[in-house]
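# following is a predicted model, sequence given first.
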Amino acid sequence: MKIHYLKHKEINIRKWDGAVTAAFNSNIYGFSWYLNMVSPNWDALVADDYEAVMPLPVATKYGITYVKGNFFTYELGVFSTKVLGADEINAFLFAIPHKFKLIDLNLNSFNVVEKCIFETQQNIIYKLDLISPYPILRDYFHKNTLTKLETASSKNIKILNSANISDLIRLAVAQNIYNLKTEDFDMLKLLSAFAVSRRLGVVYGAYDSKNSICAAAFFLSIQNKVICLLAAQNEEAKENFALYSLVNKFVADNAEKNITLDFRTFTSPLLSDIPVAFGAHPGKVTAIKRNILPWYVKILRKLDK
């Protein structure tokens, strides 16, 4: 297996998307159209004739070019048509050019890493298979979840799958738990418009008895995977459990479909109880890290935080 480093302009997009589509561990983070929106200057590692690929979200600051994932690139790593062993994954990691002095990147949950040349960290993810009928899925809900759903029903919470992304962004800005910037939300608007127009995305909204939105979530889907990319709620929703009602509605709408729901946004501490409440299974993704920046650049990065 010969691995090549390609700059963005050198990537064959048709072959790239074909490789990600055919990958056994395909997810939406790896597709070119998605990467072009969330990390426009991404480069790549490509094995042979695109038998396996690895996107590198490249950015530049203080004149330093580095590889760093962001809120919208939670599971990247190597995508391949066959399961790769630790040695093959390490070959990709070793092929990341040394010119990138700073690297902070999540791999995907199927990338096994052993004796890695980078520092590593394990990050938690939660996923829920929706192939079973809703009554069976509901049997795995936590008892407290059922009580919260009854409370939401008694408060006349209504769920619609046609909410506006601007309402979700407004709730997220007010909630202020994601550390996102204005440009991130601007990008999210473009991403939502693209995905919704192609039936790859949907925004669910929860409305109170006065028909005011109090919680919302943006779901992105491709093939048999759905990612809850962003969710937010106001103070009222914390009392009436509107976000619980919203997730329950999504689960009910998609029960008996061969899809897996990824609770990506619920890794935030203020929302982390929700995946477990609905019976989602915990897993891990490995983050790789390298920082061999000059000392004065490290000081600038600390001051910039």
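Cool, got the structure. Numbering: from 1, shown residues only.

# so what's Ser166 up against?
Lys189 (Cβ atoms under 8 Å, 6 or more residues apart in numbering). Yep, even glycine has a C-beta here, placed from its N, CA and C like the rest.

# give me the neighbour count for Lys2.
Neighbours of Lys2 under the rule other Cβ atoms under 10 Å: 10.

# wait, doesn't it sit right on Asp48?
Yes: counting by Cβ atoms under 8 Å, Asp48 is a contact partner of Lys2 at 5.9 Å.

# list phi and psi for Ser98.
To be clear, residue 98 is His; Ser isn't right here. phi -70, psi -10 (degrees, to the nearest 10).

# give me the nearest residue to Leu56, chain neighbours excluded.
Spatially, and ignoring its direct neighbours in sequence, Leu56 is nearest to Asp43 (4.5 Å; Cβ to Cβ, 6 or more residues apart in numbering).

# regarding the protein, what is its longest helix?
For the chain, the helix with the greatest residue count under DSSP state H is helix 182-197.

# got the buried residues for it?
For helix 182-197, burial by neighbour count (16 or more other Cβ atoms under 10 Å) applies to 184-185, 187-188, 191-192, 195-196.

# so how far is that helix off the chain centroid?
Using Cα atoms, centre = their mean, to the nearest Å, the mean C-alpha position of helix 182-197 is found 14 Å from that of the whole chain.

# hang on, the earlier thing: distance of the residue nearest to Leu56 from Asn36?
Computed as Cβ to Cβ, to the nearest Å, the Asp43 to Asn36 distance reads 13 Å.

# again, but for Leu84
25 Å.

# tell me which of those two has more neighbours.
Per other Cβ under 10 Å, whichever of Leu84 and Asn36 has more neighbours is Leu84, with 23 against 14.

# three-state assignment of Leu293?
Secondary structure, DSSP: H, G, I helix; E, B strand; the rest coil: Leu293 is coil.

# number of nearby residues for it?
Leu293 has 16 nearby residues by other Cβ under 10 Å.

# likewise Tyr34?
By other Cβ under 10 Å, the residues close to Tyr34 number 23.

# where does it sit, in terms of helix or strand?
helix 32-38 (DSSP states H and E).

# how close does Pro133 sit to Lys257?
11 Å.

# more neighbours, the two?
Shown here are Pro133 and Lys257; by other Cβ under 10 Å, Lys257 has more neighbours (14 against 11).

# just the pLDDT for the more buried one.
Looking at Lys257, its pLDDT reads 96.

# ok, it touching Leu130?
Yes: contact status for Lys257 versus Leu130: in contact at 5.7 Å, counting by Cβ under 8 Å.

# mind listing what the residue nearest to Leu56 touches?
5-8, 11, 55-56, 58 are the contacts of Asp43 under Cβ under 8 Å, 6+ apart.

# switch to 6 Å and redo it
7-8, 56, 58 (Cβ atoms under 6 Å, 6 or more residues apart in numbering).
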